[in-house]
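> Just the structure for this:
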Amino acid sequence: MSNALKPAFCAYRLLIRAGDLLQPLVLVLLRLWIAHVFFSSGLTKIADWDVTLALFTDEYHVPVLPPNVAAIMATCGELGLSSLLVLGLGGRFAAAGLFILNAVAVISYPGLTDATRQFHYFWGAQILVLLAFGPGLLSLDALLKRWLQRRCPNSGSC
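Have a look, this model is predicted:
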């Protein structure tokens, strides 16, 4: 490598290393943000169950499911999956479930404006990042993985 390229190469390596160090923190912040969005929605649903059932009966047209079943599934999904996401426990499973909930919301609610639809697309993109990278090093998934690797160094021995 020429001497002229060494500073650029070193700066590039430093940038990559900084990104690697920041990744766990960014994934935690992303998990917390997405969980907050969905958990808040779940809390709104349980705050007045009669209104929630009315919305699922009259406004939200969830395909295939009866309104009361859709309301229960959506509420449990928003509260349960977002809680798992905060902990990073079953992180990819939780992200997949929230992605499906988000997609169903876009499909089943014709009252979404272009602006609110953009929020759903943005959340969907963030959830896809969590699906692709997992919950990160600062998660119960990572802790369990390290514990299992120490307990069972040869994967076939447990």
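> so where is this structure shaky, pLDDT-wise?
In the prediction, the chain carries residues with pLDDT under 70 at positions 1, 155-158.
> which residues of it fall in helices?
In the chain, helices defined by DSSP state H lie at 6-47, 49-58, 67-87, 91-108, 114-133, 140-151, listed in chain order.
> Make TSV out of those helices and add mean neighbour count.
(C-beta placed from N, C-alpha, C; glycine too.) Below are the helices of the chain laid out as TSV (neighbours: other Cβ atoms under 10 Å):
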stretch	mean neighbour count
helix 6-47	14
helix 49-58	14
helix 67-87	19
helix 91-108	19
helix 114-133	14
helix 140-151	13
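> Contacts only, for residue 73.
residue 65 (Cβ atoms under 8 Å, 6 or more residues apart in numbering).
> Over to the one 10 residues further on?
If you count contacts by Cβ under 8 Å, 6+ apart, residue 83 has them with 35, 39.
> And for residue 142?
Residues counted as contacts of residue 142 (Cβ under 8 Å, 6+ apart) are 88, 135, 136.
> ok, so of the residues you listed, who is nearest residue 7?
Within these, distances to residue 7 taken as Cβ to Cβ reach their minimum at residue 136, with 31.4 Å.
> pretty sure the closest one contacts residue 22?
No. Residue 136 is beyond contact range of residue 22, at 10.6 Å (criterion: Cβ atoms under 8 Å).
> what's the distance between the residue most central in space within the chain and residue 138?
Centroid-nearest residue in the chain: residue 95, 3.7 Å away (criterion: Cα atoms, centre = their mean). Noted for residue 95: a distance of 15 Å to residue 138, by Cβ to Cβ, to the nearest Å.
> can you check residue 67 too?
Shown here: residue 67 relative to residue 138, a distance of 39 Å by Cβ to Cβ.
> circling back to that earlier point, can you tell me which of the contacts of residue 142 has the most neighbours?
residue 135 (26 neighbours; other Cβ atoms under 10 Å).
> Can you pull the phi/psi pair for residue 113?
Here is the backbone geometry of residue 113 (degrees, to the nearest 10): phi -80, psi 170.
> An error on my part: the question was meant for residue 110.
phi -70, psi -10.
> contacting residues around it?
The neighbours of residue 110, taking Cβ under 8 Å, 6+ apart as the test, are residue 61.
> Start the count at 433 instead of 1 going forward.
Done: numbering now begins at 433, and the last item shifts to residue 542.
> contacting residues around the nearest residue to residue 555 once chain neighbours are set aside?
Distances taken as Cβ to Cβ, 6 or more residues apart in numbering place residue 534 nearest to residue 555, at 5.6 Å, with adjacent residues excluded. Neighbour list for residue 534: 552, 555, 556, 559 [criterion: Cβ under 8 Å, 6+ apart].
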